[in-house]
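J.: My questions concern the predicted model and sequence given below.
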Amino acid sequence: MVIGGDGSLTGAHLFFQEFGIPAIGLPGTIDNDLSGTDLTIGFDTACNTAIQAIDKIRDTATSHDRLFFVEVMGRDAGFIAINAGIGSAAAATLIPEKKMPIEKLVDRLKARTKAMKQSNIVIVAEGGKSGGAVEIAEKVQKHLPYFDIKVTILGHLQRGGSPSSFDRVLASKLGVAAVEGLMQGKYDVMAGIINNKIVYTPITKAIVDDKEVDEDDFRIAKILST
Ligand SMILES: Nc1ncnc2c1ncn2[C@@H]1O[C@H](COP(=O)(O)OP(=O)(O)OP(=O)(O)O)[C@@H](O)[C@H]1O
Ligand SMILES: O=P(O)(O)OC[C@H]1O[C@](O)(CO)[C@@H](O)[C@@H]1O
């Protein structure tokens, strides 16, 4: 049984293909970027960590009237960022899958100032197309020199710690499914949960990078940001 992201699952696939070792995979990555499962083990915990940290940062953002750029993990996937953006009603969320022109971001921040919003926190996924939080903050500062801007990079805090109850239950259900799958001769597949049902997906399909951030999540994040 191999628990991990696309790299680990590729290894599991090769163990089976090359050596005939009966291998089954479980989706374990904070990035949530595996197909064949609605959610991956670790994602919920990472989102909780990010949102709790943003809550703490918000106190200084409000009391000192500062604009914060908070960088979350997700080099190639914006799932943590969009969830953190919705969960903390961020001023904007920048993710690797979508480019947001700096001018648009600046306009949004100006509009929020006009609307007398109490705090401004922008979430930036580590692998964003316009750069990380430091780069974005530098660009925005040039357009808004009167803003007091700070950057916080949450980093590896998001990849560890005590799992949320959701992740414990998910991991337990998938652990049972993986053992049962192996006993039924289901090899070279990944156990996942889709619409609350256990699903076994060939590892080669699960690791294909085609899981996309829901368009509706962008819409909701935008509504909450204005
Ligand atoms: N192509 C491959 N063939 C065999 N083993 C691999 C391959 N790619 C990765 N691995 C093994 O899987 C391990 C973990 O891979 P990687 O660091 O990419 O993390 P991951 O499982 O993709 O998780 P995450 O998505 O969270 O980074 C590697 O250290 C390596 O041992
Ligand atoms: O900085 P590291 O440890 O190489 O890994 C960071 C990467 O690992 C992840 O945290 C999990 O795959 C990604 O979000 C991130 O891109």
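T.: Sure thing, it's come through. Ligands and ions are numbered 1, 2, ... in the order given.
J.: Residue 132 contacts residue 72, correct?
T.: No: counting by Cβ atoms under 8 Å, residue 132 does not reach residue 72; the two are 10.4 Å apart. For glycine as for every other residue, the C-beta is placed from the backbone atoms N, C-alpha and C.
J.: Looking only at neighbour counts, state which of the two leads.
T.: Higher neighbour count among residue 132 and residue 72: residue 72, with 33 against 18, using other Cβ atoms under 10 Å.
J.: Does the spatially most central residue of the chain lie in a helix or a strand, and which?
T.: Centroid check for the chain by Cα atoms, centre = their mean gives residue 80 as the closest residue, at 1.8 Å. Using DSSP states H and E, residue 80 falls within helix 79-87.
J.: tell me which strands and helices that helix is in contact with?
T.: In terms of contacts (3 or more Cβ pairs under 8 Å, 6 or more residues apart in numbering; DSSP states H and E), helix 79-87 is packed against helix 43-63, strand 67-72, strand 92-94, strand 120-125, helix 215-225.
J.: which one is whatever residue of the chain ends up closest to ligand 2 nearest to, not counting chain neighbours?
T.: Proximity of the chain to ligand 2 (Cβ to the nearest ligand atom) peaks at residue 75, 2.8 Å away. Leaving aside its chain neighbours, residue 75 sits nearest to residue 127 (3.7 Å; criterion: Cβ to Cβ, 6 or more residues apart in numbering).
J.: Count the residues that sit near the one you found.
T.: Count around residue 127 with other Cβ under 10 Å applied: 19.
J.: do you know how far it is from residue 133?
T.: Going from residue 127 to residue 133 by Cβ to Cβ, to the nearest Å gives 11 Å.
J.: still on that earlier bit, next, the contact list for the residue of the chain closest to ligand 2, please.
T.: 31, 96, 125, 126, 127 (Cβ atoms under 8 Å, 6 or more residues apart in numbering).
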